[in-house]
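A.B. asks: take this sequence and fold it.
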Amino acid sequence: MSTPGDSAVDHELDPTRAAAARGVTGPLARWRIVAYIVGVGLLLLATAMVLKYAADQGQYVKIIGPVHGFFYAVYLVLAIDLALKARWSIKGTVLVLLAGVVPFFSFVAERKVTHAVRAGRAL
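C.D. replies: Numbering: from 1, shown residues only. Sure thing, here's the model as predicted:
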């Protein structure tokens, strides 16, 4: 016996339930954590690049660069997983993927994506 709110039609009428029904809560949480890590890592990498060229201190780039690269790869995988589950457009997905390569944009993307997904809106 089904109860009110269990049908697919009810989920489509209530975006919050639809988002939870599609199972995006876990993927969103994982992506948010990695988005913060990528954002901080990119800021550290930009600082390391300035040190490399302004102060001839290249050792920081050798350490931070590969670490940021690894986390950016994880960011890409988690963003695509979230995009598929939340049914984002290709344009929205590409913009979120590119947000990890521009300083501060991953923080902005994290806020916008979180609000959109929680409201049940696609990007």
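A.B. asks: just say helix, strand or coil for residue 88.
C.D. replies: Judged by DSSP: H, G, I helix; E, B strand; the rest coil, the three-state class of residue 88 is coil.
A.B. asks: number of residues surrounding it?
C.D. replies: The tally of other residues near residue 88 (other Cβ atoms under 10 Å) stands at 22. C-beta: built from backbone N, CA, C; applies to glycine.
A.B. asks: that one reaches residue 112, doesn't it?
C.D. replies: No: at 11.6 Å, residue 88 and residue 112 do not qualify as touching, with contact defined as Cβ atoms under 8 Å.
A.B. asks: overlap of the contact sets of these two?
C.D. replies: The contact sets of residue 88 and residue 112 overlap at residue 123 (Cβ atoms under 8 Å, 6 or more residues apart in numbering).
A.B. asks: residues contacting residue 117?
C.D. replies: Counting by Cβ under 8 Å, 6+ apart, residue 117 touches 19, 24, 28, 82, 86.
A.B. asks: excluding covalently adjacent residues, which one is nearest to the fourth one?
C.D. replies: The one in question is residue 82. residue 27 (4.4 Å; Cβ to Cβ, 6 or more residues apart in numbering).
A.B. asks: ok, the one you found - contacts?
C.D. replies: 78, 81-82, 85-86 are the contacts of residue 27 under Cβ under 8 Å, 6+ apart.
A.B. asks: helix or strand: which one has residue 94?
C.D. replies: helix 90-98 (DSSP states H and E).
A.B. asks: counting neighbours, what do you get for the nearest residue to residue 113 once chain neighbours are set aside?
C.D. replies: The shortest distance from residue 113 to any non-neighbouring residue, by Cβ to Cβ, 6+ apart, is to residue 96 (6.2 Å). Residue 96 sits with 25 neighbouring residues when counted by other Cβ under 10 Å.
A.B. asks: verify the stated contact: residue 96 with residue 80.
C.D. replies: No: checked against Cβ under 8 Å, the pair residue 96 and residue 80 is beyond contact range at 9.2 Å.
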